[in-house]
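**Q** Fold the following.
(4 chains)
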Protein chains: 2
Amino acid sequence: MIQPVPTSPGTGRKRPTIRDVAREAGVSYATVSRVLNGREWVSPEAFRAVRDAIARTGYRANPHARSLATGRSGSIAFLLTEPQHLLFEDPNFSVLLRGVAQALSGRELTLILMIASTPDERDRAVAYLSGGHVDGVLLVSPHSGDPLLAQLVRAEVPIVACGRVLGYEQVISSVAADDRGGARSAVEHLIAAGCRRIATIAGPQDTSGGVDRLHGYADALTAHGLPVEPDRIGHGDWTRGSGAETMRALLRRAPDLDAVFAASDAMAAAALPVLRAAGRAVPEDVRVVGFDDSGLAATLDPPLTTVRHPLDRISEEMVRLLTDVIAGRTPLAVTVPTSLVLRSSSPAPA
Amino acid sequence: MIQPVPTSPGTGRKRPTIRDVAREAGVSYATVSRVLNGREWVSPEAFRAVRDAIARTGYRANPHARSLATGRSGSIAFLLTEPQHLLFEDPNFSVLLRGVAQALSGRELTLILMIASTPDERDRAVAYLSGGHVDGVLLVSPHSGDPLLAQLVRAEVPIVACGRVLGYEQVISSVAADDRGGARSAVEHLIAAGCRRIATIAGPQDTSGGVDRLHGYADALTAHGLPVEPDRIGHGDWTRGSGAETMRALLRRAPDLDAVFAASDAMAAAALPVLRAAGRAVPEDVRVVGFDDSGLAATLDPPLTTVRHPLDRISEEMVRLLTDVIAGRTPLAVTVPTSLVLRSSSPAPA
DNA sequence: CTGAAAGCGCTTACAG
DNA sequence: CTGAAAGCGCTTACAG
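**A** Numbering: from 1, shown residues only, chains lettered A, B, ... in the order given. This next block holds a predicted model:
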């Protein structure tokens, strides 16, 4: 039979408190608290007595009482604001989550996940996060128009975002890849390989990743005296579906393209079969470069040349930065360098 | 500039408390509390005064103080214990999560997610969940050997599992599809279509879904006087990879098979190309039936006949049952019926 | 090194 | 209908 929660009114035996432990150990409960919090000024005997009493009574601290007294919760949230289908489609989230969990393993912080993919869920998440349930929030893939941003900022919740938050650069700390530099290096690689009519499948323009990778594309063309043709620029939303669709549109608008730089591996992956179906060989007729170096990239046919998105470094820095922000430091934007990974979809120029 | 958390020691202005609201409204703070909790015995004037004062001060209740006083947290956890890759591969989790969020939208409960896919994460999750941070836990796809189960049960955390928890049937409430009946109906459909050498790709035998669907398979064969051949039974772990591998093994061991019942759509999906590669036409040479009716099923080639897993009903019942368990009711096992969805991979018999 | 005491911000019987 | 008061279980200066 399931026992009701010990703290439920009037049911079951009561959960032991710090006073029970103190009585059991023969010390004051202040001493128990000192042991619990690893503070100094506890004699070895007292320490031992308390440890044993805790074991005997099965004591576990009440987190609410502790949080009320200290003013912190001991947990941070990993907040996903994408529509849920994308969330489970995009491996970047999974990798980032794994990295954050890893980075947290040394610290006294628990990670909780929240998904806000509908307006109702958003309001609930905001209420929860701004109410003090968590000490801070890791914001994943924020879009600049999201009303959640203003609410969270107004509630003064410590935040670190993955990618700069457009319009909030001064108030929300962020960790981002060098999206612009990475994109530029990708396109310069294509230029070095002899491509002159390079198209791009850009990401959403309300995210810094989408904007910066498009800027990097234009930077490279301009630097090499090549025109930036609107017909060679298509817009996707990171998903495979949008990648395929945009690739088809590009082939229609700019049939003479000799290379494609896609702002994500997922979109590049979807572009490959579209090119094949149009009779273009990759890389012979059209070179393709992606962005992310997700698990996907190496398994594609042909394996994808791509810009490595250093999500391991990013998640690590996000956690470090969030603890700083929680401690009251002013916001900061951290940028992590990228690197180009050459594979068959666009090998090194001969 | 980011303001530090208002509750941080010695920084920023203090967050308003119930006393500030009371002063502002010209009532006692007990009255404010009554308004906050929607209790009776508040005059309309007092009510209005408090409402206005709350708006003016921007008051939000401190959840820790409230939880300390009431003994409940107002949140429940959705706990995933699968290795993370599976989690993002299996659409069932996503659908279940969506359903639970939906079911919760009418209640005063916030949903938080926890992922425990490594031993370290498991220990942290157990500490968090059994410490009183949440009022209850929704356990998704528990495996009977998981040490987390014993820890959670010992800590007397209210739990509702998706699928019966083998070995814990008496202490952990659960909501499951009629896996056995659903599997049986799938195999009876194959028998009715004239198949006599039906193979199965079973799920993991430490989950009730895996066990029951295999039982249902055997039930149908036995009921129709057909032998249950070990060579026609392969074991997967729900993943596509395992589905492909198991299908190959079955073709080796039982090359004369004329139908395959896979315990999940994902495994069925992976079996299809293996059959094709072996020169078996679906459904002409080999009929294939899956289980779940996930989004995948209709998009396969050929579209998959499958047993509908009623995850919407299941998530709804899980939430309802968990509130019961939290309220102290004894455990219960709820079973939701399934139905067979016919598509081209095994159409209705002529 | 240790204990008594105040305080964290609420809820909830208990008197009125 | 409303207020004064106890209590939820901790932490943390403050005396000793």
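**Q** residue boundaries of the helices in the stretch 1-150 of chain A?
**A** With DSSP state H, counting those that start in this stretch as the criterion, the stretch 1-150 of chain A has helices at A:18-25, A:29-36, A:44-57, A:63-70, A:84-89, A:91-104, A:119-130, A:147-154.
**Q** quick check, the fourth one touching DNA strand D?
**A** Right, helix A:63-70. Yes. Contact between helix A:63-70 and DNA strand D, assessed by Cβ under 7 Å from any atom of the strand, occurs at A:Ala65, A:Arg66, A:Leu68, A:Ala69, A:Thr70. Where you see a C-beta, it was placed from the backbone N, CA and C, and this is true even at glycine.
**Q** can you tell me which of the residues you listed are up against chain B?
**A** A:Ala65, A:Leu68 (Cβ under 8 Å from any Cβ of the partner chain).
**Q** Can you turn the buried subset of the residues of helix A:63-70 next to DNA strand D into a selection I can paste into PyMOL?
**A** The buried residues among these can be selected in PyMOL (16 or more other Cβ atoms under 10 Å in any protein chain shown) with this line:
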select buried, chain A and resi 65+66+68
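**Q** and the two most separated of the residues of helix A:63-70 next to DNA strand D?
**A** The distance between the two most remote of the residues of helix A:63-70 next to DNA strand D (Cβ to Cβ) is 9.6 Å, for A:Ala65 and A:Thr70.
**Q** What parts of chain A come near DNA strand C?
**A** Residues of chain A lying near DNA strand C by Cβ under 7 Å from any atom of the strand: A:27-31, A:34, A:40-46, A:65, A:68-69, A:71.
**Q** in the stretch 101-250 of chain A, what residue is nearest DNA strand D?
**A** Closest to DNA strand D within the stretch 101-250 of chain A is A:Glu108: 11.5 Å, counting by Cβ to the nearest atom of the strand.
**Q** what's the neighbour count on that residue?
**A** Using other Cβ atoms under 10 Å in any protein chain shown, A:Glu108 has 7 other residues around it.
**Q** Quick check: it vs chain B, distance?
**A** The spacing between A:Glu108 and chain B, counted by Cβ to the nearest Cβ, to the nearest Å, is 10 Å.
**Q** and if you look at A:Ala161?
**A** Counting by Cβ to the nearest Cβ, the gap from A:Ala161 to chain B is 12 Å.
**Q** Ok, A:Leu257 next?
**A** Taken as Cβ to the nearest Cβ, the span from A:Leu257 to chain B is 30 Å.
**Q** repeat for A:Val137
**A** In this view, A:Val137 and chain B are 11 Å apart by Cβ to the nearest Cβ.
**Q** looking at it, that residue is touching A:Ile76, isn't it?
**A** Yes. Between A:Val137 and A:Ile76 there is a contact at 6.7 Å, judged by Cβ atoms under 8 Å.
**Q** Give the intersection of the neighbour lists for these two.
**A** Jointly contacting A:Val137 and A:Ile76 under the rule Cβ atoms under 8 Å, 6 or more residues apart in numbering or on different chains are A:Leu322.
**Q** Which pLDDT does the model give the residue most central in space within chain A?
**A** Central residue of chain A (Cα atoms, centre = their mean): A:Val140, 4.1 Å from the mean position. At A:Val140, the predicted lDDT confidence score is 90.
**Q** cool, and A:Asp52?
**A** A:Asp52 is given a pLDDT of 83.
**Q** thought it was touching A:Val27?
**A** No. Using Cβ under 8 Å, A:Asp52 makes no contact with A:Val27, being 11.4 Å away.
**Q** neighbour count winner among the two?
**A** Using other Cβ under 10 Å, the more surrounded residue of A:Asp52 and A:Val27 is A:Val27, with 21 against 13.
**Q** what's near enough to touch that one?
**A** For A:Val27, the contacting residues are A:Ala46, A:Ala49, A:Val50, by Cβ under 8 Å, 6+ apart.
**Q** Need phi/psi at it.
**A** A:Val27 adopts backbone torsions of phi -130, psi 180, taken as degrees, to the nearest 10.
**Q** Look up how far DNA strand D lies from it.
**A** To DNA strand D, A:Val27 is 12 Å away according to Cβ to the nearest atom of the strand, to the nearest Å.
**Q** and the single nearest residue of the stretch 201-350 of chain A relative to chain B, which of the three is it?
**A** The minimum distance from the stretch 201-350 of chain A to chain B, using Cβ to the nearest Cβ, falls at A:Gly328 (3.8 Å). Classification of A:Gly328 by DSSP: H, G, I helix; E, B strand; the rest coil places it in coil.
**Q** A:Thr335 too?
**A** In three-state terms, and counting by three-state DSSP, A:Thr335 is strand.
**Q** That one: neighbour count?
**A** 17.
**Q** so who does the closest residue to it other than its chain neighbours touch?
**A** Take A:Thr335 and drop its neighbours on the chain: the residue closest to it by Cβ to Cβ, 6 or more residues apart in numbering or on different chains is A:Asp178, 5.3 Å away. A:Asp178 makes contact with A:Thr335, A:Val336, A:Pro337, A:Thr338 under the criterion Cβ under 8 Å, 6+ apart.
**Q** Filter those residues down to the buried ones.
**A** For the contacts of A:Asp178, a burial check counting by 16+ other Cβ under 10 Å picks out A:Thr335, A:Val336, A:Thr338.
**Q** So the second one sits against A:Gly181, correct?
**A** In this case it means A:Val336. No. Applying Cβ under 8 Å, one finds A:Val336 not in contact with A:Gly181, separated by 10.5 Å.
**Q** thinking A:Arg197 is in contact with A:Val260, fair?
**A** No. The criterion here is Cβ under 8 Å, and A:Arg197 misses it with A:Val260 at 10.2 Å.
**Q** Of those two, which one has the most company?
**A** A:Val260 (34 against 16).
**Q** you'd agree the more buried one is in a strand?
**A** Yes. According to three-state DSSP, A:Val260 belongs to a strand.
**Q** Bridged to it, which residues?
**A** Judged by DSSP bridges, the bridge partners of A:Val260 are A:Ala199, A:Val288.
**Q** where does the stretch 1-150 of chain A have low pLDDT?
**A** Counting by pLDDT under 70, the stretch 1-150 of chain A contains low-confidence residues at A:1-13, A:39-40, A:42, A:84-88.
**Q** How many residues are close by the residue lying closest to A:Ala278 once chain neighbours are set aside?
**A** Setting aside the residues directly before and after it, A:Ala278 is nearest to A:Leu251 in space (Cβ to Cβ, 6+ apart), at 5.4 Å. Other residues near A:Leu251 come to 21 when the count uses other Cβ under 10 Å.
**Q** need the contact list for A:Leu251.
**A** A:Leu251 touches A:Leu257, A:Val274, A:Leu275, A:Ala278, A:Arg280, counting by Cβ under 8 Å, 6+ apart.
**Q** ok, now with 10 Å
**A** A:Ala199, A:Gly234, A:Leu257, A:Val260, A:Ala271, A:Val274, A:Leu275, A:Ala277, A:Ala278, A:Arg280, A:Val286 (Cβ atoms under 10 Å, 6 or more residues apart in numbering or on different chains).
**Q** So which of these belong to helices?
**A** Among these, the ones falling in helices (DSSP state H) are A:Ala271, A:Val274, A:Leu275, A:Ala277.
**Q** What's the ChimeraX syntax to select whichever of those residues are buried?
**A** Burial among the ones in helices among the contacts of A:Leu251 is assessed by 16+ other Cβ under 10 Å; the matching ChimeraX selection reads:
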select /A:271,274,275
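**Q** rewinding a little: show me the common contact partners of A:Ala65 and A:Thr70, please.
**A** Any residue near both A:Ala65 and A:Thr70 by Cβ under 10 Å, 6+ apart counts here, and that gives B:His64.
**Q** returning to what we had before: distance of the residue nearest to A:Ala278 from DNA strand D?
**A** As for A:Leu251, its distance to DNA strand D is 63 Å (criterion: Cβ to the nearest atom of the strand).
**Q** All good on my end, thank you.
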